[in-house]
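> Please find the sequence and the predicted model below.
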Amino acid sequence: MLIDDLKSLLQKYDLWAKKRLGQHFLVDEAVFEKIIEAAYLTLEDHVVEVGPGTGFLTERLLKKVKQVTAVEYDAAMVSMIKATFAGVKNLYLIHQDALRFQVPSGPYKVVANIPYYITSPLLKHFLQSENRPSLMVLLVQKEVAEKVCGISNKSMITIETQVFGGPEIIGIVPASSFYPKPQVDSAILKIKVYPKPLIPADQLWDFLRL
């Protein structure tokens, strides 16, 4: 079981989930499969993964794509990933705050299980960049995913996202699918990014003030 593999891995490297970084590790194989399926991955794809953590999703991505650029903020996790994937040619690991990450110059997709607290700024970082991803598949808090899709409690994040792409919820993920368990359920959020935004990025703020 993945939960046993996770506990063994954390024990091996003397690691634990850091609450201040919003770390909750996915341990549900069926959810991993849904994320991979939703991303429509090919062997020509370049995927940016934010917060690879233990590398469980990373391992699955590496088998499906040409390159994975993994951006990890936690130095301890970076050391573990380096050891785990030593010699793997199609992984490029960066120790950096994802909100300062320079997006790739070529085509790419974003696939990640992200900390809840950076969901909104992370969406802005990628969707309002000069080179937007063609697709984003993110595991986020269920309530936030519903706001992004405009299902309930529409807010600024609804508009800021839907100007740049079409979001949909692929599936709901219960708290029991993570270790440690978060206090809320999650959702797989898929955003098909438009070739051109409905409103130019440099005019978005003026639009939102209307």
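Ah, there it is. Residues are numbered from 1 along each chain as shown.

> Which residue ranges of this structure form helices?
Ranges of helices in the chain, per DSSP state H, are 2-12, 29-38, 56-62, 75-84, 119-127, 142-149, 156-162, 204-208.

> what's the closest of those to residue 171?
helix 29-38 (5.3 Å; Cβ to Cβ). In short, each C-beta sits where N, CA and C put it, glycine included.

> The residue lying closest to residue 124 once chain neighbours are set aside and residue 128, how far apart?
Spatially, and ignoring its direct neighbours in sequence, residue 124 is nearest to residue 160 (6.5 Å; Cβ to Cβ, 6 or more residues apart in numbering). Using Cβ to Cβ, to the nearest Å, we find residue 160 at a distance of 8 Å from residue 128.

> Mind checking which of these two has more residues around it?
residue 160 (18 against 15; other Cβ atoms under 10 Å).

> Report the central residue of this structure.
Computing the C-alpha centroid of the chain and ranking residues by Cα atoms, centre = their mean puts residue 112 first, at 2.2 Å.

> Looking at the helices of the chain, spot the one closest to residue 46.
Of the helices of the chain, the one closest to residue 46 (Cβ to Cβ) turns out to be helix 56-62, at 10.6 Å.

> quick revisit: beta-bridge partners for the residue nearest to the centre of the chain, please?
residue 138 (DSSP bridges).

> Just the pLDDT at it, thanks.
What the model reports as pLDDT for residue 112 is 95.

> so where's the protein shaky on pLDDT?
Filtered on pLDDT under 70, the chain yields the residue ranges 1, 16-23, 201-210.

> could you redo the last one with a cut-off of 90?
Within the chain, the stretches falling below the threshold (pLDDT under 90) are 1-25, 53-54, 114-117, 152-156, 159-160, 179-183, 198-210.

> And for residue 153, nearest residue in space, chain neighbours not counted?
Residue 153 sits nearest to residue 147 (Cβ to Cβ, 6+ apart), 5.5 Å away.

> Identify the residues contacting that neighbour.
Going by Cβ atoms under 8 Å, 6 or more residues apart in numbering, residue 147 touches 153, 154, 155, 157, 158.

> Output the residues you listed in TSV; the columns should cover neighbour count and distance to residue 83.
What follows is the contacts of residue 147, written out as TSV (neighbours: other Cβ atoms under 10 Å; distance: Cβ to Cβ, whole Å):
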residue	neighbour count	distance to residue 83
153	11	43
154	14	45
155	12	41
157	17	37
158	18	41
